[in-house]
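**Student:** The following comprises the amino acid sequence and a computationally predicted model.
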Amino acid sequence: MTVFSIGDTNFEVDVAKSSISLKEDGTGMVELIIDIHGNDDVFMCLIEPDDAEWSWALYPPAFFLHGLRIPQGQGGAFSIGMLDAHPEVEESGMYMMEHGDVSAVNIIELSARRLLVSGMVDLCGKRLPFHIDMPRA
């Protein structure tokens, strides 16, 4: 099972819509591009009751991280650590009806088998923990 959780809610990952890519930039670095989308079917079940926590949302969350450059040649496994230590990141955040800033991203691990991301997101005036854990094909 995949995990795309915000607070105590697991939206799961829509693996078909999500992508992870590494592009060589010709300088000995690779650019990491991550786009992760919550599962539509799980989301629809979560918002079904009128008083559901997420009933205000029209679509599941989407996490993105673009422009993180990492040294090449680490055998395909990366442990990036704190995102704040990488000022070159062009764009990062989460969309769920509005852009939510991500912060305190303390885990970004990428291997040939899985992606892990954990941190905090600001959504609609609330600061909530988020966690992504998904296998890579």
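**Tutor:** Happy to help now that I have it.

**Student:** Might one say that residue 59 is in contact with residue 43?
**Tutor:** Yes - assessed by CB atoms under 8 Å, residue 59 is found in contact with residue 43 at 7.0 Å. Placement of C-beta: from N, CA and C, glycine included.

**Student:** what ranges do the strands span in this protein?
**Tutor:** Here the chain has its strands, by DSSP state E, at 3-6, 9-10, 19-24, 29-37, 62-71, 78-79, 91-95, 99-100, 102-110, 114-123, 126-135.

**Student:** of residue 59 and residue 43, who's got more company?
**Tutor:** Comparing residue 59 with residue 43 by neighbour count (other CB atoms under 10 Å), the higher total belongs to residue 43, at 23 against 14.

**Student:** mind listing what the closest residue to residue 129 other than its chain neighbours touches?
**Tutor:** Of all residues not flanking residue 129 in the chain, residue 120 sits nearest, at 5.8 Å (CB to CB, 6 or more residues apart in numbering). Taking CB atoms under 8 Å, 6 or more residues apart in numbering as the criterion, residue 120 is in contact with 102-105, 127-130.

**Student:** now these as JSON lines including distance to residue 6?
**Tutor:** Formatted as JSON lines, the contacts of residue 120 follow (distance: CB to CB, whole Å):
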{"residue": "102", "distance to residue 6": "11"}
{"residue": "103", "distance to residue 6": "14"}
{"residue": "104", "distance to residue 6": "14"}
{"residue": "105", "distance to residue 6": "14"}
{"residue": "127", "distance to residue 6": "11"}
{"residue": "128", "distance to residue 6": "5"}
{"residue": "129", "distance to residue 6": "8"}
{"residue": "130", "distance to residue 6": "5"}
